[in-house]
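**Q** would you be able to build a 3D model of this:
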Amino acid sequence: MENKRLAGSISILVLAGLLFARTNFAETITLKSGRRVQGTVIQKTGEKIKVDTGGGMLRTYDLNDVKSIDGRKAESYRPNVKAQEEKKELPLTQEKGALGRGIDYLDNQMYNEAIAEFTRAIAINPSDADAYYNRGLAYSLKQKYDNALEDMRKAAALGYAVEPEFLERLKRASDREKSDSSPAPK
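**A** Numbering: from 1, shown residues only. Modelled structure (predicted):
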């Protein structure tokens, strides 16, 4: 009976996480191919835009392939630059702790350093679901899908609302990674 109640609670948390993730986007990116992407533009350069599509998935699109962002021409779209500048100015200080430093490194695409900091955070607190989730995210961005899947499963077991679709994508990528690395049959 208690297992059913726990499973029901977890299902509600996962559903709430999915609903939050799906409604938390700020922009609709329309590609010239006609495909639409929901996400938050987190960086724009003269050539590319980086979009957080939710569930820890970051996508980079060539600006020449983007027709519009929220109905405005991609060239004229300006993300919230002040927020980005403030984020980049965050010092990697000791006071933040390993988790905070890891997040700073992750935000600055310094994935090896981020993984090291999240590993420190896990050594300090093995029940830190945030550290497992963020380390899994860093591993996925480095295309180390086995490690990412393992960390995401641990984060979910500790109560982090990891999207099931994201876990499934990691599982498929991990299976591909295993089959690609196996020696060729003789």
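**Q** quick one, phi/psi of Thr28?
**A** Here the main-chain torsion angles of Thr28 (degrees, to the nearest 10) amount to phi -110, psi 120.
**Q** which strand residues bridge it?
**A** According to DSSP bridges, the partner residues bridging Thr28 are Gln38.
**Q** next, the contact list for it, please.
**A** Arg36, Val37, Gln38, Ile69, Asp70, Gly71 (CB atoms under 8 Å, 6 or more residues apart in numbering). (Glycine included, C-beta is placed from N, CA and C.)
**Q** tell me the domain ranges of this protein?
**A** Using automatic domain parsing, the domain parsing of the chain gives 2-79, 90-179.
**Q** could I get those as CSV with mean pLDDT?
**A** Compiled in CSV, the domains of the chain are given as follows (pLDDT from 0 to 100):
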stretch, mean pLDDT
domain 2-79, 68
domain 90-179, 87
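**Q** what are the boundaries of the strands in this structure?
**A** 27-31, 36-44, 48-52, 58-62, 66-69, 72-73 (DSSP state E).
**Q** which one of those strands lies closest to Asn147?
**A** When these are compared by CB to CB, strand 58-62 sits nearest Asn147, at 17.3 Å.
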